[in-house]
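1. Structure for this input, please:
(2 chains)
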There are 2 protein chains.
Amino acid sequence: MIIRTVKGSVHTMLQRTKRFLIGKPLKTSALKGEKLGVVWGLPILSSDAISSVAYAGQEMLIVLIPAIGVLAYSQITILSGCIIGLLFLLMISYRQTIDCYPGGGGAFVVAKENIGVTAGMVAGAALAVDYILTVAVSISSGVEQVTSAFGFMKPYAVVFAVAMVILLMIGNLRGIRESSKLFGIPAYAFIVGILALIVFGTFKLMTGFEPPKPNLDPIEPLKTISILIMLKAFASGCTALTGIEAVSNAVPNFKDPAPKHAKTVLLLLSMIILVLFGGTAILATHYQVVPGDNGAMLILMAQEIFGKTFMYYYITATTFIILILAANTAYAGFPMLIAVMSKENFAPKQLSRRGDKLSFDNGIVVLSLISILLIVAFKANVSHLIGLYAIGVFISFTLSQSGMFLRWRRLKEKNWHWKAAVNGTGAVVTGIVVCVIAVAKFTEGSWIVVVLIPVMVFLINKVYIHYMATKEQLKLSEAELSELDFSKKSYTNRIIVPIENINRASVRALRYANMICDNVTAFHVSVDEEGAKSIQDDFAKLNTNIPLVVKLSPYRKVVEPLMRFIESAEYDYEEGDMITVLMADIEPHKGWQNILHSRTRLYVERKLLKHKHIVVSAMPLQLRDDKYFLKFKKAKPTKDKHNK
Amino acid sequence: MIIRTVKGSVHTMLQRTKRFLIGKPLKTSALKGEKLGVVWGLPILSSDAISSVAYAGQEMLIVLIPAIGVLAYSQITILSGCIIGLLFLLMISYRQTIDCYPGGGGAFVVAKENIGVTAGMVAGAALAVDYILTVAVSISSGVEQVTSAFGFMKPYAVVFAVAMVILLMIGNLRGIRESSKLFGIPAYAFIVGILALIVFGTFKLMTGFEPPKPNLDPIEPLKTISILIMLKAFASGCTALTGIEAVSNAVPNFKDPAPKHAKTVLLLLSMIILVLFGGTAILATHYQVVPGDNGAMLILMAQEIFGKTFMYYYITATTFIILILAANTAYAGFPMLIAVMSKENFAPKQLSRRGDKLSFDNGIVVLSLISILLIVAFKANVSHLIGLYAIGVFISFTLSQSGMFLRWRRLKEKNWHWKAAVNGTGAVVTGIVVCVIAVAKFTEGSWIVVVLIPVMVFLINKVYIHYMATKEQLKLSEAELSELDFSKKSYTNRIIVPIENINRASVRALRYANMICDNVTAFHVSVDEEGAKSIQDDFAKLNTNIPLVVKLSPYRKVVEPLMRFIESAEYDYEEGDMITVLMADIEPHKGWQNILHSRTRLYVERKLLKHKHIVVSAMPLQLRDDKYFLKFKKAKPTKDKHNK
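-> Numbers count the residues shown, from 1 in each chain, chains lettered A, B, ... in the order given. This next block holds a predicted model:
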């Protein structure tokens, strides 16, 4: 009861805090932004994809080294080759999607339109899960880079990561996109840094530098290269491919001809990943670093190659920034995805509401809260989070490619056989990868995603059915519209005024009721005979012919006696008549004063709204500021009222 | 936004949980209970007072031993003598209060009636603080007894204490008083146990038993008996007197002649405290136990006297139970005090609302939450909590005695000089004790209470002024009542129907408005011209002469354009006319579905209620269960809507 009434004042306070953090609201017309060319489109859309260089290779090593020792460094080359092959298959597939969906070809849209509603729901759920993990993994990895370089920060990793999420949340609620070109620079800075690392590292090796051998446990090597270990490492490495779908989702953001620009960006992006991911993987086999508790792979290599010079800190800083920007892409993608789903009735409508800064506020807040939960639960540990990652994005790859395959088969355009083959191969391969990740990482957390996605689909389906059912019930057919007759008075209106006692507010309500209607009943619920008698006496003084009905309610119930009265023979209610229940209320001058009033009205209202043919009206009496009545403070105490 | 709409379904869930925990509701007429005689009145009203034997003496030792070593055991006799003197002064004073206030003479009532409203507020605040501390201290002490006997439970002391508070809360919400005679037995059991301890302990000493000397640090004794240490120990010992006011508050619960019975109980209670508190204090000087980390004083003595026999566990158990019952008395006292204050406009009205079991539910919950907070913050440590305790109860003693003194002086009854002298002495002495506790325990926490009580009085005063101001504004004078004329139609009623789009719900609202009023306007807010055009086209199909007003709102505001329209010349509003804003709404079939609807209505309603001459009406359309519409699930996906 108290909690409910405190809400009013808390609301005002929250409003003010919000205004301070978020800034002034924006007009809807400010929505159209600048279009991107190749030069800026590439870095802005690529941060998620290229930043995975910071963890994908490293996580493969973390799986392999404890199992097969130094042999890990040779196996990683093979696995990286497979992943790069997968990258080019996806690149070619997605270039075809861009051509077909110049309006933006997210997996949700492609799957829903070409496979079916359920496939769309699965793709939506999978993508939503993956956006959340992009935030959790990227931020955790960013923090890991920094704590690798500055060891003293290690104990504060979780706090640091949570703070970064909150910063991103506030930034995005403020509408961070306004200055989006700025976000292109760090991507180039990162690319330059990693290229320098690869070139300089190779040069150092060629000029005779011998990196120190890692101190690994001696293990019988041949016996232990199991398929499962290789698959686990492969599954970790597949995280390098997350973010590649960003370009095809964002086609409408490009300058004309948009599909051409988008395809060029996708090609360039793939080349960059090839060089950076491949380059660092090969370098790692020579430098034989052991990432994990010692620090992150890139930072360890940077230390061996550059020492603690400017370039070492440059690589730490740019890697950190690109990872934060990668998380930021999820802040654009997740709310947009949810908003699109919400507009098509797959998610609560509130999620498609634009906030003051035109961002989808509720989506941003939901994304932040769940990411924080994950970061805290997994202690900002990339290796632990990675088990959940990538499976979502590969599910969406599979559905998107399958959708494209079905589309080619259906439309049978020019060269469709060839194009269907590309997408079909993509679908089969990514489908296999889904199974590989689900099985290989099952105990490491992929089971959570495997369970979560069906649950989400179930809920999305519930939401969808509810909105469809609601729509059907609200729809007026043409026939019904044409039959509408506003001149016909088809039923009687009656008013019931529940009164607690006779005061200015209740009398005002009675008079208003009397004015707008000929059938008014005053209604009072009393816990005992004494109270009943008292209200009847007071009511008699009003000199009105409005009837007063008093009911006893020994259990202190309010709504039930009223409903019983309406249904009783005493109240000659006729089927079809409307009953307006008019409740007097008082509206305090200041928000905090709401906690001093019991708000029975809201309680009664919530119950009455469930009944057909009842309209609930509130007639508030606005109170003046208490300071006009300060004289009461000086009132004499009531002396000896209870005793002689 | 989401939080607000989730509330509906959470509410239903909470309701069910509540019914399970609390049981079925009771009729108001079940309120009158059994009256008490001396035999049952004594134990039932004394648990708070006699249970302090478990901590008052011990806490004096805990102050003295580290400061003055073995000398502590001689000083404690002097201090106990002072406290027992104080006890008898209070007993005589309160017997006089009982005579004058047969209706119950709590400090709040006595101070308010005889000194003034502010004194009443101070007494109320002080008592409220003390009830909360009674729960925190008694429960913590009870748990301490158990962990003294069963050492393995020590790490779980806080959890155990919090669990006890929650049990008491649920018990009291269920209306624990129904079986109150049961609560008398443990008090007698405790008294018997402690008497046995004293008798047996003395016997053992007389038959030549030499208790082991405590291993205390050698300290220069004479140098260190400072006044401050003695005052600190005295302040801790004063907690023995808390709970003594319970009898005078509860006079109406006694059988006739109630005052006589109450006075007898008070006398007997004082004798019992004299024997138990005095006896255990003297025994402690001979057995020289060192309470603290080793365990509680009573349990340590029981171990030396009885060994680990039945009596040892009997004393542990009865001490634990009596302490829990002491906390339970606060559960009767606090909600009742708050309810009395609330009825006299000093606290939010919700606190005087009786729950299903006729208990003051909100007061019980508030008491539990604050006690849990204190227990957690002070880690269930009695020695830390004791610094805050007793000061509140002594403030209320002082105010109550001063009130009685002023009452004698004013009424000048027979023997008033003598009676005024008793209460006057009581007021002066307890006033001095308040200062002693405040100063001696300042750094140990009494400063919290010293700061808190004025803050509470400030708030109570704010609440009081607000209720008085509200009352004044609601009051209808006799003159106004006699001038009331229900037949005169003094103003015009107008209806504005805000519509989002044309559907069954909004058309129903328009028709209802049209039926009850001749002046109806439909109102729509659109973010852009496109939306405006669309609603105008749809509205035209309705074939009604209700005018539609469409306003653009680029910042997506809803209420502001409506208010601007009402105040504009376009709407020929005349001062004094009532405007009914009628909003169509949909009411989902199931609670959880509320989160799928944006509830703009509630938001708009809250804003509109601040405006004079506006009545807010809600016309809900009840949705049917979604299962009637499951066929929509099988609807074909919309194929290729966005692309060729």
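2. And chain B, is stretch A:370-389 touching that?
-> No - between stretch A:370-389 and chain B, judged by Cβ under 8 Å from any Cβ of the partner chain, nothing touches; the nearest distance is 12.9 Å. Placement of C-beta: from N, CA and C, glycine included.
3. Correction: the previous question concerned stretch A:452-470.
-> Yes - if you take Cβ under 8 Å from any Cβ as the test, stretch A:452-470 does meet chain B, through A:461-470.
4. farthest-separated two in the residues you listed?
-> For these, the farthest-apart pair by Cβ to Cβ is A:Asn461 and A:Thr470; their separation is 14.8 Å.
5. Neighbour count: these two, which is higher?
-> A count of neighbours by other Cβ atoms under 10 Å in any protein chain shown puts A:Thr470 above the other of A:Asn461 and A:Thr470, at 24 against 15.
6. what's that one sitting at in phi/psi?
-> Here is the backbone geometry of A:Thr470 (degrees, to the nearest 10): phi -60, psi -50.
7. what separates the one helix or strand A:Ile375 maps to from the chain centre, distance-wise?
-> Here A:Ile375 sits within helix A:361-377, counting by DSSP states H and E. Here helix A:361-377 is found 7 Å from its chain centre; the criterion is Cα atoms, centre = their mean, to the nearest Å.
8. Next: stretch A:474-481.
-> The chain centre lies 36 Å from the centre of stretch A:474-481; the measure is Cα atoms, centre = their mean.
9. same check, this time on stretch A:59-72
-> Relative to the centre of its chain, stretch A:59-72 is centred 35 Å away, using Cα atoms, centre = their mean.
10. What of stretch A:521-531?
-> Put simply, stretch A:521-531 sits 50 Å off its chain's centre (Cα atoms, centre = their mean).
11. now swap in stretch A:394-410 and tell me
-> With Cα atoms, centre = their mean as the basis, stretch A:394-410 stands 25 Å off its chain's centre.
12. Tell me if the helix or strand containing A:Ala421 is near chain B.
-> Under the criterion of DSSP H and E, A:Ala421 resides in helix A:416-440. No - under the criterion of Cβ under 8 Å from any Cβ, helix A:416-440 makes no contact with chain B; the nearest approach is 14.2 Å.
13. which residues touch that helix?
-> Contact partners of helix A:416-440, identified using Cβ atoms under 8 Å, 6 or more residues apart in numbering or on different chains, comprise A:86, A:89-90, A:92-93, A:96, A:228, A:231-232, A:234-235, A:238, A:390-391, A:394-395, A:397-398, A:401-402, A:404-405, A:408-409, A:413, A:446, A:449-450.
14. Weed out the non-buried ones from the residues you listed.
-> With neighbours counted using 16 or more other Cβ atoms under 10 Å in any protein chain shown, these contain these buried positions: A:86, A:89-90, A:92-93, A:96, A:231-232, A:234-235, A:238, A:390-391, A:394-395, A:397-398, A:401-402, A:404-405, A:408, A:446, A:449-450.
15. still on that earlier bit, among the residues of stretch A:452-470 next to chain B, which ones are in helices?
-> Among the residues of stretch A:452-470 next to chain B, DSSP state H puts A:461-470 in helices.
16. now these: which count as buried?
-> Buried subset of these (neighbour count, 16+ other Cβ under 10 Å): A:463-470.
17. May I see those residues arranged in JSON lines, with pLDDT as well?
-> Listed next are these as JSON lines, based on pLDDT from 0 to 100:
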{"residue": "A:Val463", "pLDDT": "91"}
{"residue": "A:Tyr464", "pLDDT": "90"}
{"residue": "A:Ile465", "pLDDT": "89"}
{"residue": "A:His466", "pLDDT": "90"}
{"residue": "A:Tyr467", "pLDDT": "90"}
{"residue": "A:Met468", "pLDDT": "88"}
{"residue": "A:Ala469", "pLDDT": "88"}
{"residue": "A:Thr470", "pLDDT": "88"}
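18. Using CSV, lay out the residues you listed together with distance to B:Glu567.
-> Formatted as CSV, those follow (distance: Cβ to Cβ, whole Å):
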residue, distance to B:Glu567
A:Val463, 40
A:Tyr464, 42
A:Ile465, 44
A:His466, 39
A:Tyr467, 37
A:Met468, 41
A:Ala469, 40
A:Thr470, 35
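19. can you map out the strands along chain A?
-> Using DSSP state E, the strands of chain A run over A:493-498, A:520-526, A:548-552, A:578-587, A:614-622.
20. Helices - which of the buried ones among the contacts of helix A:416-440 land there?
-> In this view, the buried ones among the contacts of helix A:416-440 that belong to helices under DSSP H are A:86, A:89-90, A:92-93, A:96, A:231-232, A:234-235, A:391, A:394-395, A:397-398, A:401-402, A:404-405, A:408, A:446, A:449-450.
21. ok, now how distant is A:Ile614 from B:Met301?
-> 69 Å (Cβ to Cβ, to the nearest Å).
22. Fine by me, we can end here.
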